[in-house]
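> Sequence first, predicted coordinates after that:
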Amino acid sequence: MDAAELMNVGVQYLREHIPQESRIHNAYLDAGGTAPNVVQARAVTRYAIRSTTLSGMRSLNERVQDIARGAALMTGTKVDISIMSAVSNMQGNTPLEEAMQQAMDVLGDVPFDDADRAYAARIQATLSDDDINAEYRQNGLAPRKDSPLCDYIVPPQSRGPAMMGSTDVADVSWAVPTVQARVATHAIGTPGHSWQITAQGKAGAAHKGMIHAAKIMGATARMLLADKELLARAKQDHRRRMEIEPYVCPIPEDVTPPLVKRPAA
């Protein structure tokens, strides 16, 4: 347990020496026991390490592992390091992004109604001004008053800080040209992993946003099927990006899925 605590301290000091957009998260999976008058002989902690590039993630992962090994040396203990999962960074595709933006412009805004806006306003009342303003900054926009839902198309040139998230769609983007749309489904300012985001999951606005996103995806696919030149440019853009940094799976070959055998009936 002392080794795990020392590792946490070491990672805290590491944060000052990593790229600003990188992220390191951790959680104890097993603190070893409940007796307060002993140092637990075993502890399990899980780290999630994020960077904007595969190479940056690998470098940061090595530094965190070095801290774990150092903490073990400091305490005369052993460390067993295993990788549970990993995903790559998302590869953009300019021709597909332009095509999807065109589809969004043609289809227009999500058709929210007064009931959707009223419910979103009730959700926003539980949020702080910082929560709401942060989402505007994330999209490179000035905050708006009395706009509980994003019922307009955000201009493509409006960009804020890179959004950090994890999705295995990103690994698909290294194999084939890929594009994603961000479509409003909840009140502006709603933090992820919050009760507010859960509460809005079955709301009318969420369903309208989901259906609208499907229409955008379908319209973009139709453009690709009808325009061979667009498809060729998308493939060329993808090849160019792969030449800059070829794909290497972030999961080591010896890692197997953490399958749990189904208990006997």
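Thanks, I have the structure now. Numbers count the residues shown, from 1 in each chain.
> Show the low-confidence segments of the stretch 101-250 of the chain, by residue range.
Segments of the stretch 101-250 of the chain classed as low confidence (criterion: pLDDT under 70) are 162-163.
> what are the ranges of the helices in the stretch 51-200 of the chain?
Under the criterion DSSP state H, counting those that start in this stretch, helices of the stretch 51-200 of the chain are mapped to 54-75, 94-107, 114-124, 129-138, 169-175, 195-199.
> Could you verify my assumption that Gln180 touches Val169?
Yes: using Cβ atoms under 8 Å, Gln180 is in contact with Val169, at 6.8 Å. Using the backbone N, CA and C atoms, a C-beta is placed for each residue, glycine as well.
> which one of the two has more residues nearby?
Neighbour tally, Gln180 and Val169, criterion other Cβ atoms under 10 Å: the higher count belongs to Gln180, 17 against 12.
> sorry, back to before: got any residues that touch both of Gln180 and Val169?
Shared contacts of Gln180 and Val169, defined by Cβ atoms under 8 Å, 6 or more residues apart in numbering, comprise Met90.
> packing partners for the helix or strand where Thr45 lies?
Using DSSP states H and E, Thr45 sits within strand 44-50. On a contact count with 3 or more Cβ pairs under 8 Å, 6 or more residues apart in numbering; DSSP states H and E, strand 44-50 meets helix 2-14, strand 23-30, helix 54-75.
> Of all the ones you listed, which one is nearest Gly204?
Nearest to Gly204 among these is strand 23-30 (33.2 Å), distances taken as Cβ to Cβ.
> quick check: angle from the strand holding Thr45 to helix 2-14?
Put simply, strand 44-50 runs at 20 degrees to helix 2-14, going by axes from the mean of the first three to the mean of the last three Cα atoms, to 10 degrees.
> Distance from strand 44-50 to the middle of the chain?
Distance of strand 44-50 from the chain centroid (Cα atoms, centre = their mean, to the nearest Å) equals 15 Å.
> What mean pLDDT does stretch 59-70 get?
Averaging pLDDT along stretch 59-70 gives 97.
> Let me see the residues that make contact with it.
By Cβ under 8 Å, 6+ apart, the residues outside stretch 59-70 that reach it are 6-7, 10-11, 14, 18, 22, 24, 47, 49, 51, 79, 81.
> where's the residue nearest the centre of the chain relative to His212, distance?
For the chain, the residue nearest the mean C-alpha position is Gly165 (1.0 Å; Cα atoms, centre = their mean). Gly165 sits 21 Å away from His212 when distances are taken as Cβ to Cβ, to the nearest Å.
> cool, and Glu243?
Applying Cβ to Cβ, the value for Glu243 to His212 is 35 Å.
> more neighbours, the two?
Higher neighbour count among Glu243 and His212: His212, with 21 against 8, using other Cβ under 10 Å.
> I figured that one hits Phe112, correct?
No: the criterion here is Cβ under 8 Å, and His212 misses it with Phe112 at 9.7 Å.
> got a list of what the closest residue to Leu96 other than its chain neighbours touches?
Excluding its sequence neighbours, the residue lying closest to Leu96 (Cβ to Cβ, 6 or more residues apart in numbering) is Val179, at 3.7 Å. By Cβ under 8 Å, 6+ apart, the contact list for Val179 reads Asn93, Leu96, Glu97, Ala99, Met100, Thr220.
> OK, contacts around the fourth one?
Contact analysis of Ala99 by Cβ under 8 Å, 6+ apart lists Val179, Thr220, Met223, Leu224, Leu230, Ala234.
> I'd like the distance between it and Asn93.
Per Cβ to Cβ, Ala99 is found 9 Å from Asn93.
> shared neighbours, the two?
What both Ala99 and Asn93 touch, as defined by Cβ under 8 Å, 6+ apart, is the set Val179, Ala234.
> And for Gly10, the neighbour number?
Gly10 has 17 neighbours, counted by other Cβ under 10 Å.
> pretty sure it contacts Ala71?
Yes: the pair Gly10 / Ala71 is scored as a contact, 6.3 Å apart, by Cβ under 8 Å.
> Distance check, the nearest residue to Thr126 once chain neighbours are set aside against Asp116.
Excluding its sequence neighbours, the residue lying closest to Thr126 (Cβ to Cβ, 6+ apart) is Gln196, at 6.2 Å. When Cβ to Cβ is the yardstick, Gln196 and Asp116 sit 15 Å from each other.
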